[in-house]
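> Provided below are the primary sequence and the corresponding predicted coordinates.
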Amino acid sequence: MDFDAPAPSDGRLPAETRIGRAALRVADLNETTAFYRDVVGLAVLDRDGGDRPTAVLGVDGTTLLVLEEEPDRPERARTDAGLFHTAFRVPSRAALGEALARVRDRWRLDGASDHLVSEALYLDDPEGNGVEIYRDRPREEWPVDDDGTVRMATEPLDVEGVTGAAGGSDDGPADRVPPGTDVGHMHLEVTSLSAFEAVYVDGFGFEVGMTGPNVRFVAAGGYHHHLGANTWRGRTTPAAGRGLAWFEVVVPDAAALEALRERLDEAAVGGDVEFTVDERDEGIAVTDADGIEVRVRTP
């Protein structure tokens, strides 16, 4: 899923920036692990049954999702900011067709859309965490507005075409997503879009793409979006309870990490939105204005 993009100017993230791992706090580790294994199609890479049991899932040995069992933590409240969905990007329409077959065979599909740049399936995991499984159309096919913004829409998915792309098998749908699958983007529910932009545009250096009255999409390198944020459900309080624990933004090298750290420092001093930046062994951890933790590291 490589692409060519111009080198960033000051204040922008490098084009190679991507989303890394995501982590969820869950009440029932076994049930949730089974969902991401059997329905989404991730492989279980590790299990830890210690004081805080965890499961690590991914593709071809690469971690994409960490599940942390915290049954004593309260459920996410209706007012809490947090996750809208984790978006797993598969490398082909055939792989999306296989995912659709797994969902139909083993779960329930909540939605299916054509976004012009991508084709997407939507569902919830057993604890109500949103999941998107999608495939990108080739970048040269993405529609672009006169101002250079990648244009997206929400249209009905060609379900028959996606189904047909998977081919047929008497053994049922493929159990695993193929190599090349990753977390393509994260979509958040926030309390304020202006506060979201203050952290992720002014601080991180993402560029604003498509916008609407209640939604923002931001990205690096001309991608349609690495992060989405919406206020559709009127969330009014910081993230708490179960659900999204953290996710990662991966920058290409130490220089990019240091530049990002400096932008965050400047945004924290010069802005009205409060957020924190903490040092970690692998990089830094940013806790945004809604209490959402983003870990930033190099590959």
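That came through fine. Numbering: from 1, shown residues only.
> Direction included, what does whichever helix or strand residue 123 is part of pair against?
Element membership for residue 123, per DSSP states H and E: strand 118-124. Counting by DSSP bridges, the strands paired with strand 118-124 are strand 111-114 (antiparallel), strand 130-136 (antiparallel).
> Adding distance to residue 86 as columns, could you present these in TSV?
C-beta here means a position set from N, CA and C on the backbone, and glycine is covered the same way. Below are the strands paired with strand 118-124 laid out as TSV (distance: least, Cβ to Cβ, whole Å):
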stretch	distance to residue 86
strand 111-114	15
strand 130-136	6
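> Quick one: distance of stretch 182-202 to the chain centre.
Stretch 182-202 sits 11 Å away from the centroid of its parent chain (Cα atoms, centre = their mean, to the nearest Å).
> picking up where we left off before, quick one: closest of the strands paired with strand 118-124 to residue 241.
Among those, the nearest to residue 241 by Cβ to Cβ is strand 130-136 (15.2 Å).
> Listing partners with orientation, what would you give for the helix or strand just after the closest one?
Next in sequence after strand 130-136, counting helices and strands by DSSP H and E, comes strand 155-156. Strands that pair with strand 155-156, judged by DSSP bridges, come out as strand 111-114 (antiparallel).
> Residues touching the partner strand, excluding its own?
Residues outside strand 111-114 that contact it (Cβ atoms under 8 Å, 6 or more residues apart in numbering): 100, 119-123, 153-159, 162.
> Put together a markdown table for the strands paired with strand 118-124, with mean pLDDT and distance to residue 256 on each row.
Below are these laid out as a markdown table (pLDDT from 0 to 100; distance: least, Cβ to Cβ, whole Å):
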| stretch | mean pLDDT | distance to residue 256 |
| --- | --- | --- |
| strand 111-114 | 98 | 33 |
| strand 130-136 | 98 | 23 |
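> Pick the most buried one from these.
Burial of those is given as mean neighbour count (mean count of other Cβ atoms under 10 Å); strand 130-136 ranks first at a mean of 22.
> coming back round to it: residue 225 is nearest to which of the strands paired with strand 118-124?
strand 130-136 (11.2 Å).
> From the chain's centroid, how far away is the closest one?
In terms of Cα atoms, centre = their mean, the centre of strand 130-136 is set 9 Å apart from its chain centre.
> Just the CA trace of it, in CSV.
Extracted in CSV, the C-alpha atoms of strand 130-136 (Å, rounded to 0.1, in the frame of the first residue of the first chain):
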residue,chain,number,x,y,z
GLY,A,130,-17.1,-0.4,16.2
VAL,A,131,-15.2,-2.2,13.5
GLU,A,132,-14.7,-1.3,9.9
ILE,A,133,-13.1,-3.7,7.3
TYR,A,134,-12.2,-2.0,4.1
ARG,A,135,-10.2,-2.0,0.9
ASP,A,136,-8.8,1.0,-0.9
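> contact partners of that strand?
With contacts defined as Cβ under 8 Å, 6+ apart, strand 130-136 is touched by 1, 40, 83-93, 95-96, 99, 103, 115, 117-125, 184, 187, 224.
> Could you list the residues in contact with the helix or strand hosting residue 98?
Residue 98 belongs to helix 93-106 when elements are defined using DSSP H and E. For helix 93-106, the surrounding residues in contact (Cβ under 8 Å, 6+ apart) are 38-41, 90, 109, 112, 119, 121, 123, 133-135, 159, 161-167, 172-175, 177-178, 181.
> ok so, going back, return the members of the contacts of strand 130-136 classed as buried.
Buried by 16 or more other Cβ atoms under 10 Å: 40, 83-91, 93, 95-96, 99, 103, 115, 117-123, 125, 184, 187, 224, out of those.
> Distance of residue 194 relative to residue 136?
Distance of residue 194 to residue 136, computed by Cβ to Cβ, to the nearest Å: 29 Å.
> Where does pLDDT dip in the stretch 51-200 of the chain?
Counting by pLDDT under 70, the stretch 51-200 of the chain contains low-confidence ranges at 168-170.
> at 50 instead, please
Applying pLDDT under 50 to the stretch 51-200 of the chain flags no residue at all.
> what pLDDT, on average, does the longest helix along the chain get?
Ranked by number of residues, the top helix in the chain under DSSP state H is helix 254-270. Here helix 254-270 scores 95 as its mean pLDDT.
> Nearest spatial neighbour of residue 234, chain-adjacent residues omitted?
If the residues on either side of it in the chain are set aside, residue 234 comes closest to residue 79, at 7.9 Å by Cβ to Cβ, 6 or more residues apart in numbering.
> hang on, that neighbour packs against residue 237?
Yes. The pair residue 79 / residue 237 is scored as a contact, 4.5 Å apart, by Cβ atoms under 8 Å.
> any residues in contact with both of these two?
With Cβ under 8 Å, 6+ apart as the test, residue 79 and residue 237 reach no residue in common.
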